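*Asks:* quick one, structure for this:
(one chain, ligands or ions: 1)
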Amino acid sequence: SDQKPAHVALLPSAGMGHLTPFLRLAALLSVQNVQVTFITPYPTVSLSESQALSSLFASFPQITRKQLHLLPLEKLNPTISDDPFYYHFDVIRQSSHLLSPLLSSLSPPLSAFITDMSLASVVIPITEAINLPNYVLFTTSAKMMTLFLSYHITAGSGKDDLHEMDVIKSGLEMMPKSWIPPPLLEKSNNSTKSYFIENGKKMIESSGILVNTFESFEKESLRKLNHGEVIAGLPSVIPIGPLAACDFEKSKPLAWLDGQPAGSILYVSFGSRTALSRDQVRELGEGLVRSGIRFLWVVKDKKVDRQDNEELEEVIGHGLMEKVKEKGLVVKNWLNQEGILGHKAIGGFLSHCGWNSVMEAVWHGVPILAWPQHGDQKVNANVVERNGMGIWVNSWGWGGEIVVTGAEIAGRVQEIMRNESLRGQAMFIREEARKAVGVGGSSNKGLTELIGMWKK
Ligand code: BUP
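*Replies:* Residues are numbered from 1 along each chain as shown. This is a model prediction of the structure:
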């Protein structure tokens, strides 16, 4: 045959939200007989990242591991963020010149390179210089991509009217200002702005953009992106999701869940890098107890897991802890979320709407009570709401903007758990998601075509 084996290198960025889709894609390619080299920026910010990587390499010995040894960051850029994950984006970017020698040492030569959108502007020139096709794996929604790719035009329009506008045009769609990640609306420069502007501009030069979503879930955004309506000259945007969780991610199942009636439990988690304020944690606890619904609640007290050492009881308070224990299970450690969402006892998900969380809820047909905290999460919450996958209470604002009361939370929790039509719609979307990645489905076709191209 005229096919040669394909060899693809992947370079993820910092944080579980960015790493997870790369792990899943690496596994998917590997089982399709693509040779995979997985480049890991070293060290990682969080413990969960380093553990997830160890699991990947233990389960897939055929995947080649390469480390990109990060250099101490020179504070060249005064806008570098205090957020440890954003900070790490810059550290990786400043170490990216180490990539060229690493790439040329690989054998057989690479067919393609896939990196994260936060690294696009530094990686694309490096791969272009050696004529290596380069792809971006966009780790959030296609809707967010419309903003990511067009923000530099709005920001550079010179009109400086971003601050006065009630809505922002992203592609042809108007997005209320309240949905836009707040740093993008600031007048002064900051790391989020440069992240959007530099990478958003450069992505147009990539060979293609992969995204962890599927056709029927984000039809409009995908159509606009692929018809030059967001930005002219964009390479193909290829939905390849939902990227299914791998066996190696699964941890021991929770015996506690097995004893609960089907659909009775609300799962509560705000992702791997969002710590609610102590006040908000306690209102949330009061709300959960008051709702009368049983729950499984993952509490995070610090942004970075390595620093999250406070006892659970210290975080939520002794009195509340006692009440909470009667109604639910509260944990502070990492549980395999995807496995939990797939458990028959789970009937709803109170989520910050990190995109992986959304795709995992979709995969298992679990309705979402959306409570976006920062970044892309309001845009994602809108996608959830528009699809009838859940409820989003706009007035709760961004995380930390206000303290939402326990009474209000209790009401919404009851609503999400009792809404039969929402549950029906979530199950319908689940079927659509599974069709998309099944043989002949839209996501499956997109990826198969790519692999075919890499083998030519
Ligand atoms: Br917390 C937690 N177990 O206890 P998102 C998270 N996860 O498996 P984030 C667990 O981490 P960004 C836990 O299933 C998902 O795959 C979860 O990604 C998993 O949000 C991933 O949902 C978290 O995209 O990232 O972490 O806030 O801010 O980049 O969206």
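*Asks:* a helix runs through Leu10, doesn't it?
*Replies:* No - the assignment for Leu10 is strand, going by DSSP: H, G, I helix; E, B strand; the rest coil, so no helix is present there.
*Asks:* and it, how many neighbours?
*Replies:* A count of neighbours around Leu10, defined by other Cβ atoms under 10 Å, yields 22. For the C-beta atoms, the positions are set from N, CA and C on the backbone; glycine is no exception.
*Asks:* in contact with it, which residues?
*Replies:* If a contact means Cβ atoms under 8 Å, 6 or more residues apart in numbering, then Leu10 has Phe22, Leu25, Ala26, Val36, Thr37, Phe38, Ile39, Phe113, Ile114, Thr115, Leu137 as its contacts.
*Asks:* farthest-apart pair in those residues, please.
*Replies:* Across these, the two members that end up farthest from each other (Cβ to Cβ) are Thr37 and Leu137, 14.9 Å apart.
*Asks:* neighbour count winner among those two?
*Replies:* Neighbours were counted for Thr37 and for Leu137 using other Cβ under 10 Å; Leu137 has more, 23 against 20.
*Asks:* partners of the more buried one in the sheet?
*Replies:* According to DSSP bridges, the residues that bridge with Leu137 are Asp116, Leu210.
*Asks:* residues near Pro253, how many?
*Replies:* Residue crowding around Pro253 was assessed by other Cβ under 10 Å; the count is 14.
*Asks:* and the residue of the stretch 151-300 of the chain found nearest the ligand, how far from Gly452?
*Replies:* Using Cβ to the nearest ligand atom, Gly271 is the residue of the stretch 151-300 of the chain that sits closest to the ligand, at 2.6 Å. Applying Cβ to Cβ, to the nearest Å, one obtains 35 Å for the distance of Gly271 from Gly452.
*Asks:* looking at those two, which is more packed in?
*Replies:* Set side by side, Gly271 and Gly452 show unequal neighbour counts under other Cβ under 10 Å, the larger going to Gly271 at 20 against 11.
*Asks:* leaving out chain neighbours, which residue sits closest to Phe148?
*Replies:* Spatial nearest neighbour of Phe148, chain neighbours left out: Gly200 (5.0 Å); criterion: Cβ to Cβ, 6 or more residues apart in numbering.
*Asks:* did I read that right, that neighbour in a helix?
*Replies:* Yes - secondary structure assignment places Gly200 in a helix (three-state DSSP).
*Asks:* would you mark the buried spots in the helix or strand containing Gly319?
*Replies:* Following DSSP states H and E, the helix or strand that holds Gly319 is helix 318-327. Within helix 318-327, the residues that count as buried by 16 or more other Cβ atoms under 10 Å are Leu320, Met321, Lys323, Val324, Lys327.
*Asks:* hmm, the last one is touching Arg294, no?
*Replies:* In other words, Lys327. Yes - applying Cβ atoms under 8 Å, one finds Lys327 in contact with Arg294, separated by 5.7 Å.
*Asks:* so which residue of the stretch 251-400 of the chain comes closest to the ligand?
*Replies:* Using Cβ to the nearest ligand atom, the point where the stretch 251-400 of the chain gets nearest to the ligand is Gly354, with a distance of 2.2 Å.
*Asks:* report how many residues lie close to that residue.
*Replies:* 27.
*Asks:* contact partners for it?
*Replies:* The contact partners of Gly354, by Cβ under 8 Å, 6+ apart, come to Gly17, Gly271, Ser272, Gln377, Asn380.
*Asks:* quick check: residues of the stretch 301-450 of the chain near the ligand?
*Replies:* Along the stretch 301-450 of the chain, the residues adjacent to the ligand under the rule Cβ under 6 Å from any ligand atom are Trp334, Leu335, Asn336, Gln337, Glu338, Gly354, Trp355, Asn356, Ser357, Glu360, Gly375.
*Asks:* am I right that the first one is in a helix?
*Replies:* In other words, Trp334. No - assessed by three-state DSSP, Trp334 does not belong to a helix; its assignment is coil.
*Asks:* how near is the residue lying closest to it once chain neighbours are set aside to Trp179?
*Replies:* Closest residue in space to Trp334, ignoring its immediate chain neighbours: Ser48 at 5.5 Å, by Cβ to Cβ, 6+ apart. Ser48 sits 28 Å away from Trp179, going by Cβ to Cβ.
*Asks:* now do Ala381
*Replies:* Distance from Ala381 to Trp179, counting by Cβ to Cβ: 8 Å.
*Asks:* try Thr192
*Replies:* According to Cβ to Cβ, Thr192 stands 14 Å off from Trp179.
*Asks:* low-confidence ranges in the chain?
*Replies:* Counting by pLDDT under 70, the chain has low-confidence residues at 1-2, 73-80, 156-168, 170-172.
*Asks:* where is the longest helix in it?
*Replies:* Of all the segments assigned as helix in the chain under DSSP state H, the longest by residue count is helix 420-437.
*Asks:* other SSEs contacting the helix or strand following that helix?
*Replies:* Once helix 420-437 ends, the next helix or strand along the chain (criterion: DSSP H and E) is helix 442-454. Based on contacts counted as 3 or more Cβ pairs under 8 Å, 6 or more residues apart in numbering; DSSP states H and E, the elements that helix 442-454 packs against are strand 237-239, helix 420-437.
*Asks:* go again using 6 Å as the cut-off
*Replies:* Identification of packing neighbours for helix 442-454 by 3 or more Cβ pairs under 6 Å, 6 or more residues apart in numbering; DSSP states H and E yields helix 420-437.
*Asks:* which parts of the helix it packs on are buried?
*Replies:* Applying a neighbour-count criterion of 16+ other Cβ under 10 Å, one finds Leu422, Arg423, Gln425, Ala426, Ile429, Arg430, Glu432, Ala433, Arg434, Lys435, Ala436, Val437 buried in helix 420-437.
*Asks:* now swap in stretch 234-244 and tell me
*Replies:* By neighbour count with 16+ other Cβ under 10 Å, stretch 234-244 contains the buried residues Leu234, Pro235, Val237, Ile238, Pro239, Ile240, Gly241, Pro242, Leu243, Ala244.
*Asks:* what about the nearest residue to Gln373 once chain neighbours are set aside, which SS state?
*Replies:* The spatial neighbour of Gln373 that comes closest, neighbours along the chain excluded (Cβ to Cβ, 6+ apart), is Gly399 at 3.2 Å. Under the three-state scheme (three-state DSSP), Gly399 adopts coil.
*Asks:* so what's the residue count around Gly399?
*Replies:* Residues lying near Gly399 (other Cβ under 10 Å) number 20.
*Asks:* that one contacts Pro372, doesn't it?
*Replies:* No - Gly399 is beyond contact range of Pro372, at 7.7 Å (criterion: Cβ atoms under 6 Å).
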